[in-house]
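Enquirer: I need the structure of the sequence given here:
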Amino acid sequence: MLAALALLAIAMPWLLLRGQEPEEVARAYLDALIAGDLGLVRDNHVPVHGATDVALNAPLREATPGSITGYTVDEVEVRGVIATVRVTLRNPREEHTAVLSLIAVPDGPLRALRWELEPVPLPLLTLGPRASTDVVLLNGRPVEIPMVRWAGRRTDRPSVALHVLPGRYTVELPPAAAPLVPRTTEVYVPPVLGHWQTGLITVDYRPSRYGEDSAQSVILGELAQCLRSGVARPPGCPFGADLPADTPGSWRLLELPEITFGAMVGETFDYRGEGLAAEFIAAEGRAGGGDLPAPRPRVHRMSVDFGVTLRRDGADLEVQHWAFTTLRPWPR
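Expert: Sure, this is the predicted structure:
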């Protein structure tokens, strides 16, 4: 009698279960995922603290290539009121396995149980806008994000996490006023369902051709001022001779630097200069008296690499500071 009661207790969930089988529930979810039924996807995803699901929308889904195009159910395992469905997801490029979990839950008071899909983790894009913004463009579609504000501190690393579906994404900031243009980053999310997340994806602007020319003019203008200083170590300049700072003399440019853009941070822009070559000729000292000849001029030649940060002041750029300097003898 006791054995029969124990067997009945074990079998009771099966006697009460009605409706779709676990595989059918899993297939319904995957079919909706492929068909673009984002209401069902949003209702069944695992919310991550600090992440937003604003990218789970139909216009973006339609504009996203490389999405999941098919699946196969590999295994269904049922243990009491817990079921596990293992599937293989594929896109035109590759395939990955995934696991969907289900649980049998009451379908109302004193009613049969039904299989319900446990929340499914979705991939995350982690974006790091380098300019104040509340919108990013994914595959050309605007996506509103929590406002990112740059307070001017270069140590700030504000970020935004977005739940997304698998596929290929181009990420950029909205168009900006001259002399800036958005810099595009491409991201590929494989056909996965689970805890998958990108590293921090920098999203910023770069100078337009006009902006590049303006920046080079500002940097070269500052270097020209340094060369006209008339002392061995011009104050606030990225180079200097190995002499007392106020040693008088003259500078001469030997080679112009190659200047390249690095990155933007808020309202500032980092550039790098390589291969600046210059020489400093110290002024001749007075003769030591009698028939002693005047000392020969001291010539110091050097090659300079430097970093420089420009700040945007309205429509103009100005040098904020020289970030670093590397001096070497020239020629080597």
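
Enquirer: model confidence over the helix or strand encompassing V187, on average?
Expert: V187 is located in strand 185-189, with elements delineated by DSSP states H and E. For strand 185-189, mean pLDDT rounds to 97.

Enquirer: And whatever helix or strand comes next after that strand, what's buried?
Expert: Past strand 185-189, heading to the C-terminal end, the next element that is a helix or strand (DSSP H and E) is strand 197-203. Neighbour-count burial for strand 197-203, with 16 or more other CB atoms under 10 Å as criterion, is recorded at T198, I201, T202, V203. Heads up, the C-betas are built off the backbone N, CA and C, glycines and all.

Enquirer: just those now: which is nearest E144?
Expert: Checking these against E144 with CB to CB, the nearest one is V203 at 14.4 Å.

Enquirer: Identify each buried residue in the strand holding V187, please.
Expert: Counting neighbours by 16+ other CB under 10 Å, strand 185-189 gives V187, V189 as buried.

Enquirer: what are the pairing partners of it, and which direction each?
Expert: Pairing partners of strand 185-189, with direction, according to DSSP bridges: strand 167-172 (antiparallel).

Enquirer: thought F324 was touching V308?
Expert: No. Under the criterion of CB atoms under 8 Å, F324 makes no contact with V308, lying 9.0 Å away.

Enquirer: between the two, which one's more packed in?
Expert: Set side by side, F324 and V308 give different neighbour counts by other CB atoms under 10 Å, the larger being at V308 (24 against 10).

Enquirer: Tell me the secondary structure at that one.
Expert: Using DSSP: H, G, I helix; E, B strand; the rest coil, the three-state assignment for V308 comes out as strand.

Enquirer: Would you enumerate the residues in contact with it?
Expert: With contacts defined as CB atoms under 8 Å, 6 or more residues apart in numbering, the neighbours of V308 are I219, E222, P238, D270, Y271, R272, G273, V319, H321, W322, A323.

Enquirer: Same question for S208.
Expert: When contacts are counted by CB under 8 Å, 6+ apart, S208 touches A178, P179, L180, V181.

Enquirer: Closest one of the residues you listed to G70?
Expert: Closest approach between the contacts of S208 and G70, by CB to CB: V181, at 38.4 Å.

Enquirer: Mark which of the contacts of S208 are part of strands, please.
Expert: The strands, defined by DSSP state E, take in L180, V181 from these.

Enquirer: Out of the contacts of S208, which comes closest to A63?
Expert: Within the contacts of S208, distances to A63 taken as CB to CB reach their minimum at V181, with 20.9 Å.

Enquirer: Pull the strand holding V187 out as PDB, backbone CA atoms only.
Expert: What follows is strand 185-189, C-alpha atoms only, in PDB (Å, rounded to 0.1, in the frame of the first residue of the first chain):
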ATOM      1  CA  THR A 185      32.400  50.000 -35.600                       C
ATOM      2  CA  GLU A 186      31.200  46.600 -36.800                       C
ATOM      3  CA  VAL A 187      30.200  43.900 -34.300                       C
ATOM      4  CA  TYR A 188      29.200  40.300 -35.000                       C
ATOM      5  CA  VAL A 189      27.000  38.500 -32.500                       C
END
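
Enquirer: Any idea what the residue nearest in space to the middle of the chain is bridged to?
Expert: A centroid search over the chain (CA atoms, centre = their mean) returns I201, at 1.4 Å, as the residue closest to the centre. Here I201 sits in beta bridges with L127, going by DSSP bridges.
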